[in-house]
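Student: what's the 3D shape of this:
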Amino acid sequence: MINKNNKRIIVDAHSDIPYEVFLRKIDGEQRVLDKRQADRLKSGGINLPVFAIYVEARYKPDRSLEIALRQTEALLKDLEESSDFMLIKTKDDLNKFIIQDKIGVILDMEGAEPLESGIEMLYLFYRLGVRIIGLTWNQRNALADGIDELGTHSGLTKYGRQVVEEANKLGIIIDVSHLSPSCVDDVLKYSTMPVIASHCGAKGVYDHPRNLSDEHIKRIAKSGGVIGIPVFPTIISSGIPTVENVVDHIEYIINIAGKEHVGFGSDFVEFFSDLVNEGKMGTEWIVKPGEETQGMSRPSDMQNLIDSMKRRGFSSDLINGVLGENFFRVFKNTLPDK
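Tutor: This is a model prediction of the structure:
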């Protein structure tokens, strides 16, 4: 999106940066975002990332709330220290972001285990700035089933439906990434707001449990939502994918759901390599060298994505929609005014 201030907005609908901030804050590091992430994101023009608060499986369920709160506090503290980043909680914030030379941040909760102790936790995380919630990661929790539970065909629990309904009232967007198909059905049934999939591909391109069926893609579009295409290699194609495979998913969704309903949700993980080398994270967090999506494994590769879309004959308006305008529309329509 290029607005009247000549600012192109590039949305990355899924980023795991908060976990790096959390781990480095534990060691006493300050201004982690400014020092380690600002130039990285700017190298690809990404200026409106969605930061996911994620709790590792080893902490679930007993320490989910604790870890999520500690991670959120670490991130909010770093945002306060930052001169490059700003937190976006309202339409007013979004309008300020448009005219400022800053990277805007929207907070997402990836996996709602921190809400299991009661609906009050939803209200608390809303006050802290969370504006998107993915009900599960891959596992089952008290709200819903993740994709590891495909054989059960279970939908949302009673509490899961309550969270969707209350999130709608608050203006929190529900993200169906990682949900089982039956739970995706229920979210689309019960949500009265646009539904998004922040980082999912299309099963019609590559049949992977993390990807969406044609029916779900069309229903998300009908809700007014957007599907963010990731670059994480295992869900893009068999073998070692390339940037062209990423664009295959984009083009497929445009063809079946319309150009207004596809965006970008990277799931870039290359920046975790330093933390793995420092012994702060396990190797399961990173993609092995040589197995990453070729030409699309880090923010500085964004021009490769743009060039690939141009080669397919995408118009400037269509490219701008994919890069940011489509997700920006959803944020503008759903965020509270003030």
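Student: Could you list the buried residues of the longest helix seen in the chain?
Tutor: Ranked by residue count under DSSP state H, the longest helix found in the chain is helix 64-81. Within helix 64-81, the residues that qualify as buried are 64-65, 67-69, 71-72, 74-76, 78-79, counting by 16 or more other C-beta atoms under 10 Å. Where you see a C-beta, it was placed from the backbone N, CA and C, and this is true even at glycine.
Student: And the strands in the stretch 151-300 of the chain, which stretches?
Tutor: Per DSSP state E, counting those that start in this stretch, the stretch 151-300 of the chain carries strands over the ranges 173-175, 227-229, 262-264.
Student: Packing partners of the last one?
Tutor: Okay, so that is strand 262-264. The contact analysis (3 or more C-beta pairs under 8 Å, 6 or more residues apart in numbering; DSSP states H and E) places strand 262-264 against strand 11-15, strand 227-229, helix 243-257, helix 326-334.
Student: Rebuild those as JSON lines, extending it with mean pLDDT.
Tutor: Listed next are the helices and strands packed on strand 262-264 as JSON lines, based on pLDDT from 0 to 100:
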{"stretch": "strand 11-15", "mean pLDDT": "98"}
{"stretch": "strand 227-229", "mean pLDDT": "98"}
{"stretch": "helix 243-257", "mean pLDDT": "98"}
{"stretch": "helix 326-334", "mean pLDDT": "98"}
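Student: Which among the ones you listed is found nearest to A57?
Tutor: If you check each of those against A57 by C-beta to C-beta, strand 11-15 wins as the nearest, at 18.2 Å.
Student: returning to what we had before: what's the average pLDDT for the longest helix of the chain?
Tutor: Helix 64-81 carries an average pLDDT of 98.
Student: Same check on stretch 121-130?
Tutor: 98.
Student: and what of stretch 86-103?
Tutor: If you average the pLDDT over stretch 86-103, you get 96.
Student: Can I get that stretch in PDB? Just the C-alpha atoms.
Tutor: C-alpha atoms of stretch 86-103 as PDB (Å, rounded to 0.1, in the frame of the first residue of the first chain):
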ATOM      1  CA  MET A  86       5.700   1.700  17.900                       C
ATOM      2  CA  LEU A  87       2.800  -0.500  19.300                       C
ATOM      3  CA  ILE A  88      -0.500  -0.200  17.400                       C
ATOM      4  CA  LYS A  89      -3.600  -0.900  19.500                       C
ATOM      5  CA  THR A  90      -6.100   1.500  18.000                       C
ATOM      6  CA  LYS A  91      -7.100   3.200  14.700                       C
ATOM      7  CA  ASP A  92      -5.600   6.400  16.200                       C
ATOM      8  CA  ASP A  93      -2.200   4.500  16.500                       C
ATOM      9  CA  LEU A  94      -2.600   3.300  12.900                       C
ATOM     10  CA  ASN A  95      -3.100   6.800  11.700                       C
ATOM     11  CA  LYS A  96       0.000   8.000  13.600                       C
ATOM     12  CA  PHE A  97       2.000   5.100  12.100                       C
ATOM     13  CA  ILE A  98       1.000   6.300   8.600                       C
ATOM     14  CA  ILE A  99       2.700   9.600   9.000                       C
ATOM     15  CA  GLN A 100       5.700   8.500  11.100                       C
ATOM     16  CA  ASP A 101       8.900   6.900  10.100                       C
ATOM     17  CA  LYS A 102       8.500   3.900  12.400                       C
ATOM     18  CA  ILE A 103       7.800   0.200  12.300                       C
END
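Student: got the residue ranges for the helices in the stretch 201-338 of the chain?
Tutor: Under the criterion DSSP state H, counting those that start in this stretch, helices of the stretch 201-338 of the chain are mapped to 214-222, 243-257, 273-277, 302-311, 316-320, 326-334.
Student: got the ones you listed as TSV, with mean neighbour count and distance to G44 columns?
Tutor: Converted to TSV, the helices of the stretch 201-338 of the chain look like this (neighbours: other C-beta atoms under 10 Å; distance: least, C-beta to C-beta, whole Å):
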stretch	mean neighbour count	distance to G44
helix 214-222	19	25
helix 243-257	22	13
helix 273-277	14	17
helix 302-311	17	3
helix 316-320	15	14
helix 326-334	21	16
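Student: Nearest to H208 among those would be which one?
Tutor: Using C-beta to C-beta, the nearest of the helices of the stretch 201-338 of the chain to H208 is helix 243-257, at 10.8 Å.
Student: between the helices of the stretch 201-338 of the chain, which one is nearest to S117?
Tutor: Using C-beta to C-beta, the helices of the stretch 201-338 of the chain put helix 326-334 closest to S117, at 25.9 Å.
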